[in-house]
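K.L.:
Build me a structure from this.
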Amino acid sequence: MTEEPYRWLEAIQNRREYIQDHLKGATPVFAVSRPEGILLVGVGQGQSKVFEIYDRHAFAALGHPVDIEKVRQSAIEAAHVEGFSRSSRDVTLRRLVGFSLSPTLKNSFEQIFSPPLIVEALFAELGETPGQDALVRLHFDGNHHYEVSGVLMAHSDRKVEGEAQSWLKQNLRPEHSLRQAALVVLTAWKAVTQQLSFSGLAVEAEGPALVEGRSVELALLDRRLPGPVHYRKLDFPNLPA
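P.N.:
Next up is the predicted model:
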């Protein structure tokens, strides 16, 4: 009997390594708080990475497409139940992540006799001002943290994630246009996916050359839109400079 806790810990470690191995090669997603709203960026090859969740909420993720869809559906259901039970303004990431999504991922990770959810994700909540925006990083094991700097990235390697976020904070400016901000983020995306050093990395000027034939997925939780719904898709090639 005394061996059972050790066997469980060993199984959890094996499960962690299994998930991390499956996440290798998955490309990162980003969220950036800006004067006009929260910009979300993903780059893929046919599978969506950026999604609307509720009126002021969005979600971006990397991992297995089926598992991403499960998390998306869970988030949408939890948000709508909360909105129906209370009001749309009462739907907050603190409640969605803390009471619904984080426990779901934690339970999935620790149930060693069932398949885990292979997902790394971030969530965004639009505030009245950039200082009131909320960004949350949610890991496959249910752990999560709130990012107050206004810049957040989800990736499989936490060390690289930290380096990329530091570089982005240094290079993003409030006066940037949406296209300029997207180019900064895509430069970071290229550095991560090609394992380039962030030391001395310069922002590239051409988006198509950055993504090398992949599709850029951009969305904005737009602070300027009237009404309750603030999510809108952006067309990168047609963004003004």
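
K.L.:
where exactly do the helices run in the chain?
P.N.:
Using DSSP state H, the helices found in the chain span residues 4-23, 65-85, 93-96, 102-110, 158-171, 178-193, 207-211.

K.L.:
Most tightly packed of those?
P.N.:
Neighbour counts (mean count of other C-beta atoms under 10 Å) averaged over each of the helices of the chain peak at helix 178-193, with a mean of 22. In short, each C-beta sits where N, CA and C put it, glycine included.

K.L.:
Tell me which other helices or strands that helix touches.
P.N.:
Helices and strands touching helix 178-193, by 3 or more C-beta pairs under 8 Å, 6 or more residues apart in numbering; DSSP states H and E, are strand 29-34, strand 37-44, helix 158-171, helix 207-211, strand 215-222.

K.L.:
and the closest residue to residue 45 other than its chain neighbours, what does it touch?
P.N.:
Leaving aside its chain neighbours, residue 45 sits nearest to residue 214 (5.5 Å; criterion: C-beta to C-beta, 6 or more residues apart in numbering). By C-beta atoms under 8 Å, 6 or more residues apart in numbering, the residues touching residue 214 are 43-45.

K.L.:
Nearest to residue 129 among the helices of the chain would be which one?
P.N.:
Of all these, helix 93-96 sits nearest to residue 129, with 16.3 Å by C-beta to C-beta.

K.L.:
next one: that closest one to chain centre, how far?
P.N.:
15 Å (C-alpha atoms, centre = their mean, to the nearest Å).

K.L.:
what does that helix contact?
P.N.:
Counting by C-beta under 8 Å, 6+ apart, residues outside helix 93-96 touching it are 57, 75, 78-79, 82, 123-125, 134, 136.

K.L.:
try 10 Å
P.N.:
Contacting residues not belonging to helix 93-96 are listed as 53-54, 56-57, 59, 74-76, 78-79, 82, 86, 101-102, 123-125, 134-136, 138, 144, 146 [C-beta atoms under 10 Å, 6 or more residues apart in numbering].

K.L.:
Alpha carbons of it, as PDB, please.
P.N.:
Listed next in PDB are the C-alpha coordinates belonging to helix 93-96 (Å, rounded to 0.1, in the frame of the first residue of the first chain):
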ATOM      1  CA  LEU A  93     -12.300  35.400 -16.300                       C
ATOM      2  CA  ARG A  94     -11.700  35.200 -12.600                       C
ATOM      3  CA  ARG A  95     -14.800  33.100 -12.200                       C
ATOM      4  CA  LEU A  96     -14.600  31.300 -15.500                       C
END
